[in-house]
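Participant: this one's sequence-less:
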């Protein structure tokens, strides 16, 4: 260790957070994690309740059918009406859910196809460079910083990039070469817009092109390569 | 403080030193660590690794820098680092440290960052290149240049004058 290194270490030893700051940060971190945990718990609980309601609806429908056949009295008829109404409400809810889910599936499929098409068309790159930082510097129109996702951190060489559109949002199309196979890989990065937030993680094979969609660090990523 | 809290405190101290290297002042460094810490904890749990936290802090700083460029209400000026805050001056008890701080402030941000990650955090050039999205050659060159600049500054007339002033101030107080 050189004398300069020793001086630097001594200097940086004095650059530190106060104990109060540390406590404050840790408390804020704990609170953030609790919030995140309770959100996950609430999501699980809603899913459980939905499953339970579906089971109850099925059971009620079966029972209704049985009791109608047996020909019950006035009290039985009232219960039958209640059960039928419950079943109707549940069926309606299921219909609304299926409609929303259908539009989500459609959006996901459209995005997957868009990514595969963008990869396949091999349009000319606007920026060339081996470093993400230099591409990031050039792509000033992007409303976010280019950040490599974890899975591309090793084993890929950057070739260049261009602007493109993904699900109606301004995106960056980055071209990589897989170091071992020399295979071309496209990475699309865009801001996590509201319509993309619903697409958590998807993978599909479209006409020989493997496409993956996922979210990471507040950005939406899509990866495309020959299967 | 239990083991987990001590580990996290060490991690936060390292993150703060890194943030300080990037921003050059206490307040921005504290904000950066706070925001980075919350993001990492929310997404990756409360025991993140150092490299991940450093990456998040670095990306946040890049975003902030870009924002300050687009909306220059408060422009980022590396030379601002030369004028240390009162708190920083108080903290730097030795004239040597004050001199070194001024020397560090004269380095470019990327030079300061590479030197910090190498000397203080002990990362290899390869690891720094990965963290800063650069090449190993560039990192080695940055570290070499920053050492050279610092040595020159410490031996320069201006540096010696600053040390003398700081020493006299120390004697008076």
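Facilitator: Alright, I've got the coordinates. Here the structure is a predicted model, which is why all the values come from computation and not from measurement.
Participant: so where does the residue in chain A positioned nearest to chain B fall, helix or strand?
Facilitator: At 4.2 Å from chain B, residue A:29 is the closest residue in chain A, using CB to the nearest CB. Using the backbone N, CA and C atoms, a C-beta is placed for each residue, glycine as well. Using DSSP states H and E, residue A:29 maps to helix A:19-70.
Participant: now residue A:165
Facilitator: Residue A:165 belongs to strand A:156-166, assigned by DSSP H and E.
Participant: again, but for residue B:112
Facilitator: helix B:109-115.
Participant: Please determine whether the next helix or strand after that helix lies in contact with chain A.
Facilitator: The element immediately downstream of helix B:109-115 (helix or strand, assigned by DSSP H and E) is helix B:125-131. Yes: in terms of CB under 8 Å from any CB of the partner chain, part of helix B:125-131 sits within range of chain A, namely residue B:130.
Participant: pLDDT on helix B:125-131, on average?
Facilitator: Throughout helix B:125-131, pLDDT has a mean value of 87.
Participant: Please apply the same query to stretch A:104-116.
Facilitator: Stretch A:104-116 comes out at a mean pLDDT of 86.
Participant: for that stretch, which positions count as buried?
Facilitator: A:108, A:111-112, A:114-116 (16 or more other CB atoms under 10 Å in any protein chain shown).
Participant: Now for residue 131, how many residues are close by?
Facilitator: Answering for chain A, as no chain was given. Here the count is done by other CB atoms under 10 Å in any protein chain shown, and residue A:131 has 15 residues near it.
Participant: should've been chain B
Facilitator: Residues lying near residue B:131 (other CB under 10 Å) number 20.
Participant: Residue B:115 now?
Facilitator: 25.
Participant: can you pull the pLDDT of the most centrally placed residue in chain A?
Facilitator: The centroid of chain A falls nearest to residue A:200 when counting by CA atoms, centre = their mean (2.6 Å). For residue A:200, the pLDDT comes out at 80.
Participant: same deal with residue A:145?
Facilitator: Residue A:145 is given a pLDDT of 80.
Participant: Determine how far the last residue of stretch B:128-136 lies from the first.
Facilitator: End-to-end span of stretch B:128-136 (CA to CA, to the nearest Å): 8 Å.
Participant: Toward the C-terminus, what is the element adjacent to the host helix or strand of residue B:22?
Facilitator: Using DSSP H and E, residue B:22 sits within helix B:3-23. On the C-terminal side of helix B:3-23, the closest following helix or strand by DSSP H and E is helix B:26-44.
Participant: So is that following helix next to chain A?
Facilitator: Yes: under the criterion of CB under 8 Å from any CB, chain A is reached by helix B:26-44 at B:30, B:33-34, B:37-39, B:41-43.
Participant: of all of chain B, which residue lies closest to chain A?
Facilitator: Using CB to the nearest CB, the single residue of chain B nearest to chain A is residue B:41, 4.2 Å away.
Participant: Report the separation between the residue of chain A closest to chain B and residue A:49.
Facilitator: Applying CB to CB, to the nearest Å, the value for residue A:29 to residue A:49 is 31 Å.
Participant: Those two: which has the busier surroundings?
Facilitator: Neighbour tally, residue A:29 and residue A:49, criterion other CB under 10 Å: the higher count belongs to residue A:29, 21 against 10.
Participant: wait, that one sits on residue B:39?
Facilitator: No: Residue A:29 lies out of contact with residue B:39 (CB atoms under 8 Å); the separation is 10.2 Å.
Participant: which non-adjacent residue is nearest residue A:115?
Facilitator: residue A:222 (4.3 Å; CB to CB, 6 or more residues apart in numbering or on different chains).
Participant: one step back: check contacts around the residue of chain A closest to chain B.
Facilitator: Contacts for residue A:29 (CB atoms under 8 Å, 6 or more residues apart in numbering or on different chains) come out as B:8, B:37-38, B:41, B:46.
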